[in-house]
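K.L.:
whatever this is, show me its structure:
(4 chains)
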2 protein chains.
Amino acid sequence: MTKLMPYHCPIDAAMHVIEGKWKVLILWELREEARRFGALRRSLPGVSEKVLTQQLRELELDGIVHRRVHETVPPKVEYSLTEDGRSLNDALAPLGAWGARRVLPPDAPAGTAADTAA
Amino acid sequence: MTKLMPYHCPIDAAMHVIEGKWKVLILWELREEARRFGALRRSLPGVSEKVLTQQLRELELDGIVHRRVHETVPPKVEYSLTEDGRSLNDALAPLGAWGARRVLPPDAPAGTAADTAA
DNA sequence: CGGTATCCTAAGGGATACTG
DNA sequence: CAGTATCCCTTAGGATACCG
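P.N.:
Below is the predicted model:
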């Protein structure tokens, strides 16, 4: 990601932007509103400060997220999606739907809610 | 991929299936017709036999590709997409479109080709 | 609060050689 | 032809400590 490459297939170009363990999760977290660094960190259990910063920087370089620094004491930094970030998120939606179908099996078409209880 | 996990967001479930340097390229190569191992290998410059086998096995385990062995001499093995593979490919399409837009900039709407010269 | 700076490991993946 | 079997190396990412 953030690296110039000759892409064999167009999807690969997009793949390089979202490669990184936390990238799509970040995209997902920012889908609706801007979030502060700390809030983001808390909503991504297991991520270290170093790695979160790293992935945010890469997303920023790729023009996916916007970093807004409020020059206050204590510091306050807000991350939000750019226009490109929002369109990327939209492009990711069908993939999410596909994934959802695998996780929770298709289950019954209509009215047969018996097996969704588990 | 092929590993059971609690997914925080549905896209992650799909991401785990296509993680691997060559997976989406394989998907892309198989999008229209079945291919033999050797043909697949030749169309993915740089991939080693070991890794190609590995990624194909994982895709097979995930129910994305089908492996058909023709018991002949010399051996002949054909890989093709399963129903799930095809739907995954479809779900990937918007991402491909998004990627394409970044690689070849949208270019001028109409007649304003001046700044695309660089 | 929101970061850098270091150090370290786990694993994905490349190269090569061998096999049914 | 279509794989295994090894060996090795790079790198993403985790842990921890310190800084403006």
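K.L.:
now do the residue in chain A that DNA strand C sits nearest to against B:Lys23, distance only.
P.N.:
As assessed by CB to the nearest atom of the strand, DNA strand C sits closest to A:Gly38 within chain A, at 3.0 Å. C-betas here are computed from N, CA, C, even on glycine. Distance, A:Gly38 to B:Lys23, by CB to CB, to the nearest Å: 35 Å.
K.L.:
which element is the residue positioned nearest the centre of chain A on?
P.N.:
In chain A, the residue lying closest to the centroid (CA atoms, centre = their mean) is A:Leu27, at 2.1 Å. Here A:Leu27 sits within helix A:23-30, counting by DSSP states H and E.
K.L.:
who does the following helix or strand past that helix pair up with?
P.N.:
Of the helices and strands lying after helix A:23-30 in sequence (DSSP H and E), the nearest is strand A:35-36. Counting by DSSP bridges, the strands paired with strand A:35-36 are strand A:76-81 (antiparallel).
K.L.:
can you list the buried residues in the strand it pairs with?
P.N.:
Going by neighbour count (16 or more other CB atoms under 10 Å in any protein chain shown), the buried part of strand A:76-81 is A:78-79, A:81.
K.L.:
now swap in stretch A:66-79 and tell me
P.N.:
A:66, A:78-79.
K.L.:
returning to what we had before: residues near the residue of chain A closest to DNA strand C, how many?
P.N.:
11 (other CB atoms under 10 Å in any protein chain shown).
K.L.:
what about the helix holding A:Leu27 and DNA strand D, any contact?
P.N.:
No: judged by CB under 7 Å from any atom of the strand, helix A:23-30 stays clear of DNA strand D, getting no closer than 7.9 Å.
K.L.:
packing partners of that helix?
P.N.:
helix A:10-18, helix A:37-42, helix A:49-61, strand A:76-81, helix A:83-103, helix B:10-18 (3 or more CB pairs under 8 Å, 6 or more residues apart in numbering or on different chains; DSSP states H and E).
K.L.:
can you give the contact residues for the second one?
P.N.:
Same thing as helix A:37-42. Residues from elsewhere that reach helix A:37-42 (CB atoms under 8 Å, 6 or more residues apart in numbering or on different chains): A:26, A:29-30, A:47, A:49, A:52-53, A:56, A:77, A:79.
K.L.:
do the same with stretch A:13-27
P.N.:
By CB under 8 Å, 6+ apart, the list of residues contacting stretch A:13-27 reads A:1-3, A:5, A:7, A:40, A:44, A:47, A:51-52, A:55-56, A:58-59, A:62, A:64-65, A:79, A:81, A:85, A:88-89, A:91-92, B:8-9, B:11-12, B:15, B:18, B:24, B:95-96, B:98-100, B:102-103.
K.L.:
and it, how far from the chain's centre?
P.N.:
In terms of CA atoms, centre = their mean, to the nearest Å, the centre of stretch A:13-27 is found 7 Å from the chain centre.
K.L.:
how about the residues of chain A that lie near DNA strand D?
P.N.:
Within reach of DNA strand D by CB under 7 Å from any atom of the strand, chain A has these residues: A:20-22, A:46-51, A:55, A:74-75.
K.L.:
give me the element the residue in chain A positioned nearest to DNA strand D is part of.
P.N.:
Proximity of chain A to DNA strand D (CB to the nearest atom of the strand) peaks at A:Lys21, 3.2 Å away. For A:Lys21, there is no enclosing helix or strand under DSSP H and E.
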